[in-house]
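Chemist: Next input, structure requested:
(one chain, ligands or ions: 1)
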Amino acid sequence: MFENLSDRLGGVFDRLTKQGALTEDDVTAAMREVRTALLEADVSLPVARSFVKSVTGKATGASVTKSVTPGQQVVKIVHDELIKVLQGEDAPEALRIDNPPAPILMVGLQGSGKTTTTAKLAKRLKDREKKRVLMASLDTNRPAAMEQLAILGTQIGVDTLPIVKGESAVQIAKRAKQQASLGGYDVYMLDTAGRLHIDQVLMDEVQAVRDVANPRETLLVVDGLTGQDAVNVATEFDEKVGVSGVVLTRMDGDGRGGAALSMRAVTGKPIRFVGLGEKMDALEGFDAQRIAGRILG
Ligand code: GDP
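Modeler: Just a heads-up that it's a prediction; the model follows:
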């Protein structure tokens, strides 16, 4: 099991409390524990380093005359900084899906949970925002993936674009757009093909689809348990196709959510949703407080 930050800092805290002042050495000792806690939570090393650096500055400068103990003060500073990084300053409140039909492009690697997330998000938009949603699978290489989306659609009561054999991804995207306009849909979601690794063919296809659909939101779905890999995937997708937001899946697993901090710090992209299981309701809006708590243990 993980040791949480307060436990880790226990020894250091005792000393800080006794001394009643934050000396540079105290802060250094505390920050060593903070860094270890971040790394154990799967935050990448460069992000952990720069995070600790900015927190060190704040902690060293902090006055200890307030009613809290110095130790509590360190925890608060760390917590506040986590929230600041996780939340970002420019995160939009809601998805930009006014002006119907609004296209949402779903991108990501195969196995990341993209199709499941597409359906979960469609259900959420339907249930909470009363949107009429049309989903289309563009995974022409995997008929099973197309059928999976159709099955999920039936299950959640969201329409899917009828499957026509032999069409290219771009043709399907055009048909989805047309169908969404004619059918009076508020939103249409394009579930693009994924591959096991990023390659040129994948990126060319996603770019071509993007150019046709001109998406209002391009949501990247990444496996939250893959840590640094998730960040690398996000960086590449953002460079090649432009990403407006991230969905971290498998946050119901044992991981401590450090990927969220790395993701936000490195890519600057807002995390919009987290996947918390396989069920269609297991999608939540991103909550920085909750993730911060989880990272700190
Ligand atoms: P795709 O290849 O990216 O479209 O991936 P799928 O949507 O087919 O998902 C792959 C597997 O991951 C499926 O078994 C999903 O049920 C599962 N999955 C997706 N999201 C989550 C999640 O948030 N938590 C868990 N535990 N499983 C998930």
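
Chemist: how about the CA coordinates for stretch 82-93, as CSV?
Modeler: The C-alpha trace of stretch 82-93 is given here as CSV (Å, rounded to 0.1, in the frame of the first residue of the first chain):
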residue,chain,number,x,y,z
LEU,A,82,-1.7,20.7,-7.0
ILE,A,83,-5.1,22.3,-7.5
LYS,A,84,-3.6,25.2,-9.4
VAL,A,85,-1.7,23.0,-11.8
LEU,A,86,-4.6,20.5,-12.2
GLN,A,87,-7.2,23.1,-12.8
GLY,A,88,-5.2,25.5,-14.9
GLU,A,89,-6.3,29.0,-15.4
ASP,A,90,-8.0,28.9,-18.7
ALA,A,91,-10.0,25.7,-18.5
PRO,A,92,-13.4,26.3,-20.2
GLU,A,93,-16.4,25.5,-18.1
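
Chemist: Residue of the protein closest to the ligand, please.
Modeler: The chain approaches the ligand most closely through Gly275 (2.5 Å), counting by C-beta to the nearest ligand atom. Backbone N, C-alpha and C define where each C-beta goes, glycine included.

Chemist: Hmm, that residue is touching Val246, no?
Modeler: No - Gly275 is beyond contact range of Val246, at 11.2 Å (criterion: C-beta atoms under 8 Å).

Chemist: Can you pick out the residue with more neighbours from these two?
Modeler: Val246 (29 against 25; other C-beta atoms under 10 Å).

Chemist: quick one: secondary structure of that one?
Modeler: strand (DSSP: H, G, I helix; E, B strand; the rest coil).

Chemist: Also Asp80?
Modeler: helix.

Chemist: Quick one: residues contacting it.
Modeler: Residues in contact with Asp80 (C-beta atoms under 8 Å, 6 or more residues apart in numbering): none are found.

Chemist: Show me which residues of the stretch 151-297 of the chain sit near the ligand.
Modeler: For the stretch 151-297 of the chain, the contact set with the ligand under C-beta under 6 Å from any ligand atom comprises 194, 249-250, 252, 275-278, 282.

Chemist: One more pass at 8 Å, please.
Modeler: Contact residues, the stretch 151-297 of the chain versus the ligand (C-beta under 8 Å from any ligand atom): 191, 194, 221, 224, 249-253, 274-278, 282-283.

Chemist: Which members of those come out as buried by neighbour count?
Modeler: 191, 194, 221, 224, 249-251, 274-276, 282-283 (16 or more other C-beta atoms under 10 Å).

Chemist: Helices of the protein, residue ranges please.
Modeler: 5-8, 10-19, 24-40, 45-61, 70-87, 114-129, 143-156, 169-182, 200-213, 228-241, 258-267, 288-296 (DSSP state H).
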